[in-house]
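Asks: turn this into a model:
(6 chains)
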4 protein chains.
Amino acid sequence: MRPNDATFTETARRAQIVECAIETIAELGYHQSSVRKIAERVGVAMSVVQYHFGNKDEMVAAIVAELYRTVLAIMLPMVEAEQTARGKLAAHIRAHLKCLATYRSQQIALMEIGSNYCSGTGQRLHEVGVPLEPDQLADLAKLELETIFTLGIETGEFRALSPTSMATAVRGAIGAALLRSTGDPDFDVVGYGEDLVVAFDLATRHL
Amino acid sequence: MRPNDATFTETARRAQIVECAIETIAELGYHQSSVRKIAERVGVAMSVVQYHFGNKDEMVAAIVAELYRTVLAIMLPMVEAEQTARGKLAAHIRAHLKCLATYRSQQIALMEIGSNYCSGTGQRLHEVGVPLEPDQLADLAKLELETIFTLGIETGEFRALSPTSMATAVRGAIGAALLRSTGDPDFDVVGYGEDLVVAFDLATRHL
Amino acid sequence: MRPNDATFTETARRAQIVECAIETIAELGYHQSSVRKIAERVGVAMSVVQYHFGNKDEMVAAIVAELYRTVLAIMLPMVEAEQTARGKLAAHIRAHLKCLATYRSQQIALMEIGSNYCSGTGQRLHEVGVPLEPDQLADLAKLELETIFTLGIETGEFRALSPTSMATAVRGAIGAALLRSTGDPDFDVVGYGEDLVVAFDLATRHL
Amino acid sequence: MRPNDATFTETARRAQIVECAIETIAELGYHQSSVRKIAERVGVAMSVVQYHFGNKDEMVAAIVAELYRTVLAIMLPMVEAEQTARGKLAAHIRAHLKCLATYRSQQIALMEIGSNYCSGTGQRLHEVGVPLEPDQLADLAKLELETIFTLGIETGEFRALSPTSMATAVRGAIGAALLRSTGDPDFDVVGYGEDLVVAFDLATRHL
DNA sequence: GATGAATGAGCATTCATTCAT
DNA sequence: GATGAATGAATGCTCATTCAT
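Replies: Below you'll find the model as predicted:
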């Protein structure tokens, strides 16, 4: 009967539900993943999920937070290890695609939620924002491609490109790998990452 | 009492339903766009939709066909006007982004259907294929980025890049504009297109 | 433009619809045979059926009348050809089973309607009665098994049995052939008829 | 706070729904007995039925199992008490008609389901089989008329009749009582049973 | 903490019917 | 005579949520 025993159980249950929800969403897609099916995978009653999260929106928020934390843990060290903008860009691409390759179901789940989730009040994921702690949000900002491109221009490493446009393009090119690999299991995600590193290295050079 | 009056009514209704469905899907997302809500927007009973299309899958097929026809009508002349691979690539990017700028809700609807649609038999859109006439499918193939990149390598215009990787990257970068502009109404889609043309022009040059 | 041209067309259409309806019901069962599917088989619009019969109940009445007329045409001569009660009983059994063998889909349709039909006011077929002309109803009465059994007792051919019970039993035994043959295509309806003739011949003898 | 309180509630609800469903089907016929109407009779929301049975097919299976169990409980002791084939035949007829007299609506419901039910996959009741436990199915087999007739021929009690034909005839004659009594409330089911016993006793004698 | 039971809104679909032409 | 278009009620089903225990 340790004082925080209840909290420990609570935390474990939540983690367990989040984990199973991610698996379920990755396997069946967001809309086929009802609270009941997720609870079934956990091996508890459907109402347990409601008990721990209050409602489905809160559960999704917890899932998204967990997914972002995973991405952060992988990417942040790799990007921070590089000093130059060019190095950070390559690291960002490689790190993100490593995430895709290593944590496939997590990334699929995130994509599924991103494109399918709709809150009780009709809001989409990008409208409710990333449900992370302030310091984690700060870490996330360090990965921002806009920042990297702006830095590269300042240091003269990159040509006078539009950081916003380039960041959007890189993000899109990375995201495309997930879609692509979903339809084509033979798609070589890591190889694609190297092709992307070369392409964007060329695309950022001075004319 | 025109001989094809009945056909005229039928055609008009179908077009009207398709149009309203596109608007609804673009606004609310695919899964929030029930047959009932679409019919309400048209101003008819829900069963009218079933009368004209048989079932929801057929309605979606009609929508998708219409959306692809729109894209084709815009993009094909622009891409075919160019002779060189480099020209075709730039034209493809510009044409696609022009589509995005001009037919925003149509493109959002297509994206929504592409990532959310699940047929009665459990198939996703890419599994059921594009419901177009053979000659229109042939036209669609002419826009394929893989083909353009392969051509450019053959003619020596492009470096020895991977057509699959580059095509995936360009598609992703283009698609990102849609997501981006959804969250940020000030995002300049056409300007982004010009930035993309420059970036991929550089990225395809010989080292 | 013969004066009864319209009536002729009308009659032909009705007959055509009735025929197709019988086929459809026999094939798909009563509940799968919607007005639309029947009309499709005829090759006309669904509303044509409504035009000719007013509503579905009237159509079913027309079908049932037609089916009883078919049975009458087959059975009446065979039963009336016999003079003795014993002969009439055997003839009735043989005639009815001949109907079952020869006009299988008609009999299946009649069975389907008998057990599934429910009028707009909630009445079953046996509650609405047989929709035949008075003289045809009189002919139908001549086939009644009760009459035959009562006659046989009067003439001393049969033992002192209960006409009602025996008639019910024979009707049931005949009807069972249809159910049986539906599930088992190898079931020999005519052979079953002969077995029935023997069985009920024995069952009616004096002790 | 009894340990099996939850199970008790569940069992009671299921039994209650099955009971009301039987009544409804017997009264209105299978196809007029929607899940909604059955739930209304129980006094709960329609989705309660779905909660307890999953879908309509499962509910029907539960109903059919219950109906067969009732028949078994009545008929098995009566038939097994007899040693001779002749005795078993008479007992079968009497027992089945006792069922008909005592559990009228149950038998009507079973008939309705037998001739009208069509599963979600398009199968009829005789195609999906009787949803009973193996040992109950074994008990059911002991009541089979074919078995009794074959036995009687072997022991020399019966003439060289066709077990299949006779079984079909007896089944039909028994079933006819149900139809008959539906149209004519004065029909004496038990008396009919005795008449049937005599008739089939005669029909099975050596010539 | 956890559960089973129940709810009500929403969904796509089927169907007989109506009606102007 | 015949048609296409539209309607509204009904059906089975899924789901997130609520609540007493």
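Asks: wondering if the helix or strand bottoming out on mean pLDDT in chain A reaches DNA strand F at all.
Replies: One helix or strand of chain A scores below all others by mean pLDDT, DSSP states H and E: helix A:5-28, with a mean of 88. No - Helix A:5-28 stays clear of DNA strand F (Cβ under 7 Å from any atom of the strand), getting no nearer than 8.9 Å. The way it works is simple: take the backbone N, C-alpha and C, and place the C-beta from them, glycine included.
Asks: could you dump the very next helix or strand once past that helix to PDB, C-alpha only?
Replies: As assigned by DSSP states H and E, the chain's next helix or strand after helix A:5-28 is helix A:35-42. Taking Å, rounded to 0.1, in the frame of the first residue of the first chain, the C-alpha atoms of helix A:35-42 are listed here in PDB:
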ATOM      1  CA  VAL A  35     -13.300   2.100 -28.100                       C
ATOM      2  CA  ARG A  36     -14.700  -1.400 -27.700                       C
ATOM      3  CA  LYS A  37     -12.200  -3.000 -30.000                       C
ATOM      4  CA  ILE A  38      -9.300  -1.200 -28.300                       C
ATOM      5  CA  ALA A  39     -10.600  -2.300 -24.900                       C
ATOM      6  CA  GLU A  40     -10.900  -5.900 -26.200                       C
ATOM      7  CA  ARG A  41      -7.300  -5.900 -27.200                       C
ATOM      8  CA  VAL A  42      -6.300  -4.700 -23.800                       C
END
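Asks: what about helix A:35-42, near DNA strand F?
Replies: Yes - using Cβ under 7 Å from any atom of the strand, helix A:35-42 reaches DNA strand F at A:Val35, A:Arg36, A:Lys37.
Asks: who's in contact with the last one?
Replies: Just to be clear, that refers to A:Lys37. By Cβ atoms under 8 Å, 6 or more residues apart in numbering or on different chains, A:Lys37 lies in contact with A:Thr24, A:Leu28.
Asks: what do you get if the cut-off is 10 Å, keeping everything else the same?
Replies: A:Cys20, A:Ala21, A:Thr24, A:Ile25, A:Glu27, A:Leu28, A:Met46 (Cβ atoms under 10 Å, 6 or more residues apart in numbering or on different chains).
Asks: just the first one next, same as before
Replies: Contacts here follow Cβ under 10 Å, 6+ apart; on that basis A:Val35 touches A:Ile17, A:Ala21, A:Met46, A:Ser47, A:Val48, A:Val49, A:Gln50, A:Phe53, A:Asn55, A:Lys56, A:Met59.
Asks: number of residues surrounding the nearest residue to A:Thr24 once chain neighbours are set aside?
Replies: Of all residues not flanking A:Thr24 in the chain, A:Ser33 sits nearest, at 4.5 Å (Cβ to Cβ, 6 or more residues apart in numbering or on different chains). Neighbour count of A:Ser33, defined by other Cβ atoms under 10 Å in any protein chain shown: 23.
Asks: quick check: phi and psi on A:Ser33?
Replies: For A:Ser33, the backbone dihedrals are phi -100, psi 80 (criterion: degrees, to the nearest 10).
Asks: and the gap between it and chain C?
Replies: 35 Å (Cβ to the nearest Cβ, to the nearest Å).
Asks: circling back: buried among the contacts of A:Lys37? Make that a ChimeraX selection.
Replies: Of the contacts of A:Lys37, the buried ones can be selected in ChimeraX as follows, counting by 16 or more other Cβ atoms under 10 Å in any protein chain shown:
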select /A:20,21,24,25
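Asks: how close does the residue nearest to A:Thr24 get to A:Met59?
Replies: 10 Å (Cβ to Cβ, to the nearest Å).
Asks: and the residue nearest to A:Thr24, what pLDDT?
Replies: Looking at A:Ser33, its pLDDT stands at 95.
Asks: leaving out chain neighbours, which residue sits closest to A:Glu112?
Replies: A:Tyr30 (4.2 Å).
Asks: where do the helices of chain A begin and end?
Replies: A:5-28, A:35-42, A:46-53, A:56-80, A:85-102, A:104-116, A:125-128, A:134-143, A:145-155, A:163-183, A:189-203 (DSSP state H).
Asks: quick one: low-confidence parts of chain A?
Replies: Where chain A drops to pLDDT under 70, the residues are A:1-6.
Asks: quick check, central residue of it?
Replies: When Cα atoms, centre = their mean is applied to chain A, the residue found nearest the centroid is A:Tyr68 (4.7 Å).
Asks: verify the stated contact: that one with A:Leu125.
Replies: No - shown here, A:Tyr68 and A:Leu125 do not form a contact pair, counting by Cβ atoms under 10 Å, at 11.3 Å.
Asks: anything in contact with each of the two?
Replies: A:Leu110, A:Pro131.
Asks: that older thread, find the residues that touch each one of A:Ser33 and A:Met59.
Replies: In contact with both A:Ser33 and A:Met59: A:Ala21, using Cβ under 10 Å, 6+ apart.
Asks: pull up the residues of chain A that are close to DNA strand F.
Replies: So chain A meets DNA strand F at A:Gln32, A:Ser34, A:Val35, A:Arg36, A:Lys37, A:Met46, A:Ser47, A:Gln50, A:Asn55, A:Lys56, A:Asp57, A:Gly120 (Cβ under 7 Å from any atom of the strand).
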